[in-house]
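>>> Dropping the sequence and predicted coords here.
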Amino acid sequence: MGLFLAFASLVAAVVPMFFYLIIIWYMDRYEREPFWFVLMNFFWGATGAVFLAIVGSLIFQIPLNELIQAVSDDNPVELMNLSGAVITAPLVEEFTKGLFLLIISFSKRFDGGVDGAVLGGAIGLGFGMTENFMYFLFYGTTPVAWLMIVIIRTLFSAVMHCLATATFGAFLGYAKFKPVILKFILIPTGFFLAVFLHFSWNLSVSFENTTLFGFLFLILYLFVTFSIFQISVYFEGKTILKELQDEVNRGYIPPEHLNHLPYVMRRFKYGWCPAGVDQKSYVKTATTLALRKNQHKNVSGVKKQNYQKDIDNLRYQIQMMFYNAGMHFPSANKI
């Protein structure tokens, strides 16, 4: 029975989180990161973030318990448990999840708010997967109790972890190409919003008469986050269109390609891409070029020089695609 419970708990923890992970990966429609990169963030959430959260929570809770014992005259144990759920867990867990995300944000693959939300969501799902497994294994004392825990944690608790870290990631991505003063405002704001969501969920489900409020609040937060994400993706598409229009004006891209490259539903249709040109590679290179051009406008100093090198290299790659395909296009003559 023990082995069966462990196997069932493992499957129930892993399969839904991987399903969620694929969904949020596909939601990044214009410049989807390699799946291995998303997985790397997912596994940090499942391993490193969980380990640091356990250690950090034990350390953080010690002075908090001492304070509660000093000021509480009645039922200090219950207050200690509640403080662990609504104070220690939100602060420590969002910090350990967000730490890796903060490091990843310095990578050029981390392009903005959309990438931040996807990668943050991946970390949150990894964390939720490991936490779910432990809950399923240790608190599913009967088949009915096990099933209820699986449903609630799969549909709500793990989703909360995903949304919280995705929020922090979105703020990190948005702040990346903003002035320093805005970084000091946006990054802490994103972190404390993540903590607030975590705190609100844990507090609401700690009391029977507020649990329904917690469910409704999380559903509303999911709806708002999804809507903001879709708006961000829409504006990312507009940015790509604007920057590629400039490439058309400069003679690097054929004008007719502008009817396909910036549009998700058209870019991978067959027939518009010239024979001999790898369509998938061309779309990815042109999209990256557009985003690098937009980022180039929002950095300075050495970073600006590095982004200009990327722009020149991406343009050269596109020219070589045309040249090797034997296209008689002005850009191919610039090689």
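Received it, and whenever you're ready, just let me know what you need. None of these values were measured; they are calculated from a predicted model.

>>> Low-confidence regions, the chain specifically.
Along the chain, the model assigns pLDDT under 70 to residues 1, 328-335.

>>> Show me how it divides into domains.
According to the domain assignment given by automatic domain parsing, the chain is divided into the following structural domains: 2-206, 251-334.

>>> Tell me which of those is the most buried.
Each of the domains of the chain was assessed for mean neighbour count using mean count of other CB atoms under 10 Å. The highest is domain 2-206, with a mean of 19. All C-beta atoms are positioned from the backbone trio N, CA, C, and that covers glycine.

>>> any idea how far it is from the chain center?
Centroid separation for domain 2-206 versus its chain: 11 Å, with CA atoms, centre = their mean, to the nearest Å.

>>> ok, residue 282 to residue 254 distance?
Residue 282 sits at a distance of 11 Å from residue 254 (criterion: CB to CB, to the nearest Å).

>>> Also residue 45?
Counting by CB to CB, the separation of residue 45 from residue 254 is 43 Å.

>>> I'd like the domains of the chain as JSON lines, with distance to residue 243 appended.
Shown next, in JSON lines, are those (distance: least, CB to CB, whole Å):
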{"stretch": "domain 2-206", "distance to residue 243": "12"}
{"stretch": "domain 251-334", "distance to residue 243": "4"}
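
>>> Can you check which of those gets nearest to residue 227?
Proximity to residue 227, assessed across these by CB to CB, is greatest for domain 2-206 (12.3 Å).

>>> right, and residue 240 touches residue 262 too?
Yes. Residue 240 lies in contact with residue 262 (CB atoms under 8 Å); the separation is 4.6 Å.

>>> hey, where'd the helices end up in the stretch 1-150 of the chain?
Chain-ordered helices for the stretch 1-150 of the chain, with DSSP state H, counting those that start in this stretch as the definition, fall at 2-27, 35-46, 48-71, 76-83, 89-104, 113-139, 143-152.

>>> Figure out which of the ones you listed is closest to residue 321.
Checked against CB to CB, the stretch from the helices of the stretch 1-150 of the chain lying closest is helix 35-46, at 23.8 Å.

>>> From the contact counts, what lies against that closest one?
Here helix 35-46 touches helix 2-27, helix 89-104, helix 113-139, going by 3 or more CB pairs under 8 Å, 6 or more residues apart in numbering; DSSP states H and E.

>>> can you redo the ones you listed as CSV with distance to residue 147?
Output for the helices and strands packed on helix 35-46, formatted as CSV (distance: least, CB to CB, whole Å):
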stretch, distance to residue 147
helix 2-27, 9
helix 89-104, 24
helix 113-139, 10
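
>>> And these: which comes nearest residue 187?
For those, the distance to residue 187 is smallest for helix 89-104, at 8.0 Å, taking CB to CB.

>>> who does that closest one touch, helix- and strand-wise?
Using 3+ CB pairs under 8 Å, 6+ apart, helix 89-104 is in contact with helix 35-46, helix 48-71, helix 113-139, helix 158-176, helix 180-204.

>>> what about dumping the CA coordinates of it to CSV?
The C-alpha trace of helix 89-104 is given here as CSV (Å, rounded to 0.1, in the frame of the first residue of the first chain):
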residue,chain,number,x,y,z
ALA,A,89,6.2,30.7,3.9
PRO,A,90,5.2,33.6,1.7
LEU,A,91,8.4,35.6,2.4
VAL,A,92,10.9,32.7,2.4
GLU,A,93,9.4,30.7,-0.5
GLU,A,94,8.9,33.7,-2.8
PHE,A,95,12.5,34.7,-2.1
THR,A,96,14.0,31.2,-2.8
LYS,A,97,11.9,30.9,-6.0
GLY,A,98,12.7,34.4,-7.1
LEU,A,99,16.4,34.2,-6.4
PHE,A,100,17.1,32.0,-9.4
LEU,A,101,14.8,34.1,-11.6
LEU,A,102,16.7,37.2,-10.6
ILE,A,103,20.0,35.6,-11.8
ILE,A,104,18.4,34.4,-15.0
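
>>> If I take that helix and helix 76-83, what angle do their directions form?
Relative orientation of helix 89-104 with respect to helix 76-83: 30 degrees, computed using axes from the mean of the first three to the mean of the last three CA atoms, to 10 degrees.

>>> Which residues does helix 89-104 contact?
Applying CB atoms under 8 Å, 6 or more residues apart in numbering, the external contacts of helix 89-104 come out as 41, 44-45, 48-50, 52-53, 56-57, 60, 110, 116, 119-120, 123-124, 127, 161, 164-165, 168-169, 172, 191, 194-196, 198-199, 202.
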